[in-house]
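Enquirer: next come a sequence and a model predicted from it.
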Amino acid sequence: MSTIGDNQSSGDDNKVERICERFDYLISKWQTNPKLIESHVKDFLDAIIESVSTSAAVDGQRFTAAFTLMHPETTSAQKTLVERIYALIDRYLKATDKSRDSAAVLAAHFFARPDIVDQLLDRFMSESLPQLGTSFGHVMAVAVLLKVADRQNISPFAERVIEVSAKMDTTGRELMTKWKVKLIGRSALSLMRPRIAKWRYRRGRRQLSQNISLQMADQKPAAIQSTHENTVEDLEDDCDYSDIPEQLEVIIDSLLNALHHENTIVRWSSAKYLGRLTNRLPKEMAAEVVDSVLKLCEWKDSDSSSHGCCLALAELTRRGLILTDQLPQVVDVVQKALLFDELKGTFSIGSNVRDAACYVCWSLSRAYDSQVIQQFVHRLAPTLVCVVCFDRQVNCRRAASAAIQEFVGRTQVFPHGLEVLLLTDFHALATRSHCYLDIAFKLAQKPEFGDCLVQHLVDKCQHWDRDVRELVAQSLGLLSTVIDMNPYLPQLLAKSLSMDLNSRHGSILAIGHIIGSVGDKISPELREQMESIAVTLNEKKLLRGIGGEFMKQALSVLIEKCSSVSLSISSESKVIDVWIDIICNAIVSEDQKTRGDAVVALPVFCYQYLRNRHELKTKVLDQLLIHLNSSKESPRIGSSMCLQTMSLELLDVQYYNTCFEILLAHIRSGDELCGSRASEVITLVELSLKFRPIDDNRRQQIVDCLCLALDDRTKDSRGDVGGTVRLAAVDASLAFINEATDGQVIDVLKLMTTQCVSVWQKERHKAFNVFKEIVFGRQLAQIDRQFMETLFESTGDEKADHWRPFVRLLDVPLFTHNVWKGLAKNVSNPTETYVRNLLKQEIKSMDGRVRRSDRRLPPIDTYVSLLTADDSPEEALDLLTQTDWSQSLDVLRPIRDQICDALNVAKPRRKATGADNSAK
C-alpha cells in the first residue's frame, strides 16, 4: 500500500495501475474465506483511503480495491472508516474527469451493501435527488444504484426518482439524456415485480431436450407454453398487477419521447427499457404500448423517429410481446423502413433505419413459428433480397443477409433459402458492384425475386449518388436479358423528361443499357420515344450548365448503345444532327466521366450512322481537328482519344497527315498539358499503325517523339506530372516496336531502363514488363540474349526482384549511362522502399567491389552530381562511365586529368612528402 502512495506522488499512473491490478488479484484469492485476512483489512483500507484522499485525481482501481476489502463491523472505528469513504464518494462525484465515473460505480456498490443500506442509503438519496438536474456524477451513481441494489431496498425511492427525472432539462446534453432514460426505466422496473407475462407469444420450450422430444413426436412446439421456472417468484403470482405504479403513463411517455431523440444511444436505451417494462404489463396495456410505438413511424420530421420505432419493435418482437394480430401492422412498417432513404442537403439519411428494420426481421424469425409468420416471410423476402443486392451501405446489406439467414435456418419458408444464403454470405456482400452485377443477376432468375428486383431498380434510378445510378443502369441492362423490360420502360421514359436532374440522368442511363442488351426487342412505339429523348431535352434547353454535363454523359451512353446494336432510327436527319452536337460537345467536357463516355460513343456512332454520309462525317472530323488544335487540355484529350479508335473507313491519308503534324507539334512543345500529351503520344502511334507502311522519315519522327516522351520530367504544383507522359510512352513503345529498326529499338530500350529504376512503383513495374517483352520478343544484335536470360531468370513476383537485373546492367556499357541517369533523376525524391531495395541490389550486383574504401565511389558521386547539373559535358560523362576505376593509379591519373580539363577545373596536385621537403 505504501508503494501506491509513493508512485502516486511520482505521477507514474501506469505503475500504479499495475500495482492495483496485482493487489486486486491477490485479494480475490481470499474472498471465499475472508476471515483469514480480517486482521489486515484495516491497515489495507487506511493506506488506500489515505492515498485517494491526498491525490488531485483518482482512478477506479483504488476505489474498487477499497470497496472489495470492506467487511461489515459494528465498532466505532469501522463507522469512522465508512464516513471517510462516504466523504471520498461525495468529493469525487463532483469531479469532471474519469474519477467521477469510478466514484459513481463505487457509490452504487457501497450503498447497496446490506450493512450500509440502513445506515447511509437514505442519507445518500436525500442528498443526491436535489442534485440530479445539475450533477452528472450523482445521476450516474443513482442510476447504477438502481441497477445493483436489491429491489426492496431501492423501491421506496423510485417514485421520487421518476418525479425528479421527468422534470430534468437535458436539452443539448446527450449523455445526461441517456442517463435520464436509464433513471426512469430502472426506477420503473424496481417498482414492478420481475415477471414473465403469460400472455406473450412463446415459441417452443426453454430446454433444448424438450424441443427435440416434441419434434420427434411430430408435435408443434409453437403453440405450447413454456414451463420454465421463474427464479424470482412463482408464475402463479404473475396475474397480480397491483404493483403497477401510478406514474406509468409518465414513464411510458418519457420513453416514447426518447425514441425520436436525435442521438442513437438515447433511442437505443429507450427501446430496451420499453421492452423490459412491457414484459411486466398486462396484455391490454402492452398492446397500447405497441400501438404507440407504431404511431411514431408516422412522423415525417426526421429519420430519428423511424429508427427509434424500429429499435423498439425489435426489442418487443424478440421478447414475443407483439401478438399475432398486430404482426400485419408491424410488417407494413418494417417493409417501408427497409427501403427508407431520403436526400437531405448533400447527403442521405436512412441507413440506420434500414439497419434497424433488418434487426426487426431478425427478431421476427427468432420469436415466431414458421406457420405464424409464413405469410409475412413471403412479403418480406423480396424486400430483403433488394436490400441485400442494392443497398448503398455494406452494413445494411450484411444486416439483411443475417435476417435472411435466420429466416432460412429457423422457419424453412424463405424462397430458395439455401441458394440465397450461398450467394449472399458475409464476404460476398463487401463489394457494391458485385452485389449489383453478379448477385442480383443470379437472384433475378428466380420468379419470386425477378420482378421485385427490376421494379426496385427502376425506382432507384433517381438515386442521389451518381455511382449508384450508374450501377443501377448496368444492373438493369444485365437483368433485361432474363426479364422482359417492356412493362417497365414507360416508367423510365417518363422519368427521362422529369424536372429532377437525378431522375433524368439515371433513367436515360438505364434506357441506354437496356437497349444495349436487348436491341430491337423493344416495341416500336417505345423505340420511337427513346429516339426523341435527346431532341426533346435539347428543345427544352436541358443540355446546358452543370446539369447539362450529366445529360451529355447519359446521352453519350444511350448513343453508344444504340450504335453498338445497330438500332434503326426513324426520322434520322433530326435525331442524328442532335446526336452529333451532343457528342462533339461532350468530348471536350472537363468532367472525365462525361468525356470518357463520349470518346467511346463517337467512333461507334460515326461508323454506324455516318459511314455513308460524307457531309455529316466531314462535319464531325473537322470538329475533331478544331479540338485537337486547341490550347486547352480537355479538347485535346477528347479528340486525340477519339482518333485512337476511329475506324479506318472514316479517315483518309490527307486527314492523317494533318493530324500527324498537329500531334507531332504538341509532343515536341513540352508544354505543361501533360494529360493531353500523354494521350497524343498513344494517338500518334495508333493512328500511324492504321496507315502502314510507314516511311523511314516518319518512323524516325515517331521514335524521336517516343524518346522525348520517355524522358519527360515536367513538374508543377501537383508534382511530377510528366509521369503520365512516360507511362503512355512505355505503352506506345510496345505497340510500335515491330515497326522500328534495331537501332531505334535500342534507343527506346536505353531510355526505358531509366524508367525501370524509377522511384514511382507503377512506372517501374510497367517499364520492367515492357522492357522484358521487347528484349525477348525480338532478336537484337547489340544485346546478348543469353546474358539477358541469365539476368531475368531469377526475377520473381516480389517487387524488390525488379531491381536486380537493372542494377546489374550498370556493368553493360550499352545501358550504364541510362541506368545511372535514372538513379540520379530519382535521388532527389527517394522513398524508404526505393533506397532499401536499391542498396540491397546494388551491393549484390557489384560483387563486393563498391565499398567505402573503394576508389570507384568518388567517380560515382561525381557522375551523379554531373547528371543532376545543367550543361554537363558529354566527354566527362563518357570518361566516368567507360573507365575501369579498379586499375592502377598510374593508368587512372591521366584519365582524371582529362576529366578535369573537360570540366574546366584545376587538376589536383600530389601532396609533397617528407623526402621532397628534405630535397628542397
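Expert: Structure's in. What do you need? Numbers count the residues shown, from 1 in each chain.

Enquirer: who's in contact with stretch 601-619?
Expert: Applying Cβ atoms under 8 Å, 6 or more residues apart in numbering, the contact partners of stretch 601-619 are 556-557, 559-560, 563-564, 566, 569, 572, 576-577, 579-580, 583-584, 586-587, 620, 642, 645-647, 649-650. Quick note: C-beta positions are derived from backbone N, CA and C, even for glycine.

Enquirer: before we move on, what about stretch 360-368?
Expert: When contacts are defined by Cβ under 8 Å, 6+ apart, stretch 360-368 is touched by residues 201, 203, 222, 310, 313-315, 317-320, 324, 327, 330, 334, 337-338, 373, 376, 380, 384, 399-400, 402-403, 406-407, 410-411.

Enquirer: just stretch 318-337 next, same as before
Expert: For stretch 318-337, the surrounding residues in contact (Cβ under 8 Å, 6+ apart) are 197, 199-203, 275, 278-279, 283, 286-287, 290-291, 294, 297, 306, 309-310, 313, 316-317, 353-354, 356-357, 360-361, 363-364, 366-368, 372-373, 376, 379-380, 383.

Enquirer: check contacts around the residue nearest to the spatial centre of the chain.
Expert: Nearest to the mean C-alpha position of the chain, by Cα atoms, centre = their mean, lies residue 394 at 8.9 Å. Contacts were defined as Cβ under 8 Å, 6+ apart; by that measure residue 394 touches 429, 430, 432.

Enquirer: ok, now residue 686?
Expert: Residues near residue 686 by Cβ under 8 Å, 6+ apart: 643, 644, 645, 735.

Enquirer: select only the buried ones of the contacts of residue 394 in ChimeraX?
Expert: Restricted to buried positions by 16 or more other Cβ atoms under 10 Å, the ChimeraX selection for the contacts of residue 394 reads:
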select :429,432
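
Enquirer: inside helices: which ones of the contacts of residue 394?
Expert: Of the positions in these, residue 432 sit in helices, assigned by DSSP state H.

Enquirer: pipe the contacts of residue 394 into CSV and attach distance to residue 505 and pLDDT per row.
Expert: Converted to CSV, these look like this (distance: Cβ to Cβ, whole Å; pLDDT from 0 to 100):
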residue, distance to residue 505, pLDDT
429, 26, 94
430, 27, 93
432, 19, 95
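
Enquirer: nearest to residue 146, of the contacts of residue 394?
Expert: For the contacts of residue 394, the residue nearest residue 146 by Cβ to Cβ is residue 429; the value is 41.3 Å.

Enquirer: flag every buried residue along stretch 387-396.
Expert: Neighbour counts using 16+ other Cβ under 10 Å place 387, 388, 389, 390, 391, 392, 393, 396 of stretch 387-396 among the buried residues.

Enquirer: mean confidence score for that stretch?
Expert: On average, the pLDDT along stretch 387-396 is 95.

Enquirer: repeat that for stretch 48-55.
Expert: 68.

Enquirer: residue 813 and residue 878 touch, don't they?
Expert: No - using Cβ atoms under 8 Å, residue 813 is not in contact with residue 878, being 10.1 Å away.

Enquirer: circling back to that earlier point, got the contacts of residue 686 as TSV, with pLDDT columns?
Expert: Listed next are the contacts of residue 686 as TSV, based on pLDDT from 0 to 100:
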residue	pLDDT
643	92
644	91
645	88
735	92
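
Enquirer: widest-spaced pair of those?
Expert: Greatest spatial distance in the contacts of residue 686: 643 and 735, 14.6 Å, computed using Cβ to Cβ.

Enquirer: out of the two, which sits in the busier spot?
Expert: residue 643 (28 against 13; other Cβ atoms under 10 Å).

Enquirer: A strand includes the more buried one, no?
Expert: No - using DSSP: H, G, I helix; E, B strand; the rest coil, the assignment for residue 643 is helix, not a strand.

Enquirer: count of residues packed around the residue nearest to it when sequence neighbours are not counted?
Expert: By the measure of Cβ to Cβ, 6 or more residues apart in numbering, the closest residue to residue 643 outside its immediate chain neighbours is residue 683, 5.3 Å from it. Neighbourhood size, residue 683 [other Cβ under 10 Å]: 30.

Enquirer: before we move on, what about residue 272?
Expert: Neighbours of residue 272 under the rule other Cβ under 10 Å: 17.

Enquirer: pretty sure residue 749 is touching residue 776, no?
Expert: No - using Cβ under 8 Å, residue 749 makes no contact with residue 776, being 12.0 Å away.

Enquirer: more crowded one of those two?
Expert: With neighbours defined as other Cβ under 10 Å, residue 749 and residue 776 compare such that residue 749 has more, 23 against 12.

Enquirer: any idea of the mean pLDDT for the host helix or strand of that one?
Expert: Element membership of residue 749, judged by DSSP states H and E, is helix 742-756. Across helix 742-756, pLDDT averages out at 90.

Enquirer: what packs against that helix?
Expert: Counting contacts by 3 or more Cβ pairs under 8 Å, 6 or more residues apart in numbering; DSSP states H and E, helix 742-756 packs against helix 696-710, helix 722-736, helix 761-777, helix 813-826.

Enquirer: out of those, which is the most enclosed?
Expert: Burial of the helices and strands packed on helix 742-756 is given as mean neighbour count (mean count of other Cβ atoms under 10 Å); helix 722-736 ranks first at a mean of 22.

Enquirer: what's the offset of that helix from the middle of its chain?
Expert: Centroid displacement of helix 722-736 relative to its chain, using Cα atoms, centre = their mean, to the nearest Å, is 32 Å.

Enquirer: go on, stretch 162-177?
Expert: For stretch 162-177 - counting by Cα atoms, centre = their mean - the centre lies 37 Å from the chain centre.

Enquirer: in it, what's buried?
Expert: Neighbour counts over stretch 162-177 (16+ other Cβ under 10 Å) mark 162, 164, 165, 168, 170, 176, 177 as buried.

Enquirer: once you drop chain neighbours, what's closest to the third one?
Expert: Closest residue in space to residue 165, ignoring its immediate chain neighbours: residue 183 at 4.4 Å, by Cβ to Cβ, 6+ apart.

Enquirer: okay, now the unreliable bits of the stretch 701-850 of the chain?
Expert: Applying pLDDT under 70 to the stretch 701-850 of the chain flags residues 794-804, 825-850.

Enquirer: mind doing that once more with 50?
Expert: Low-confidence regions of the stretch 701-850 of the chain, defined by pLDDT under 50, span residues 843-845, 847-850.

Enquirer: for the spatially closest residue to residue 351 that is not a sequence neighbour, give its distance to residue 780.
Expert: Counting by Cβ to Cβ, 6+ apart, residue 393 is the residue found nearest to residue 351 once chain neighbours are left out, at 4.6 Å. Separation of residue 393 from residue 780 (Cβ to Cβ, to the nearest Å): 56 Å.

Enquirer: then stretch 400-419 to PDB, C-alphas only?
Expert: Extracted in PDB, the C-alpha atoms of stretch 400-419 (Å, rounded to 0.1, in the frame of the first residue of the first chain):
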ATOM      1  CA  ALA A 400     -30.300  -8.100 -44.300                       C
ATOM      2  CA  SER A 401     -28.200 -11.200 -45.000                       C
ATOM      3  CA  ALA A 402     -28.200 -12.000 -41.300                       C
ATOM      4  CA  ALA A 403     -32.000 -11.700 -41.200                       C
ATOM      5  CA  ILE A 404     -32.300 -13.900 -44.300                       C
ATOM      6  CA  GLN A 405     -30.100 -16.500 -42.600                       C
ATOM      7  CA  GLU A 406     -32.300 -16.600 -39.500                       C
ATOM      8  CA  PHE A 407     -35.400 -17.000 -41.700                       C
ATOM      9  CA  VAL A 408     -33.900 -19.800 -43.600                       C
ATOM     10  CA  GLY A 409     -32.500 -21.600 -40.600                       C
ATOM     11  CA  ARG A 410     -35.500 -21.200 -38.200                       C
ATOM     12  CA  THR A 411     -38.600 -21.200 -40.500                       C
ATOM     13  CA  GLN A 412     -37.600 -23.000 -43.600                       C
ATOM     14  CA  VAL A 413     -40.100 -20.900 -45.600                       C
ATOM     15  CA  PHE A 414     -37.800 -18.400 -47.200                       C
ATOM     16  CA  PRO A 415     -38.000 -18.900 -51.000                       C
ATOM     17  CA  HIS A 416     -34.800 -20.600 -52.400                       C
ATOM     18  CA  GLY A 417     -33.400 -20.200 -48.900                       C
ATOM     19  CA  LEU A 418     -30.100 -22.200 -49.200                       C
ATOM     20  CA  GLU A 419     -29.300 -20.900 -52.600                       C
END
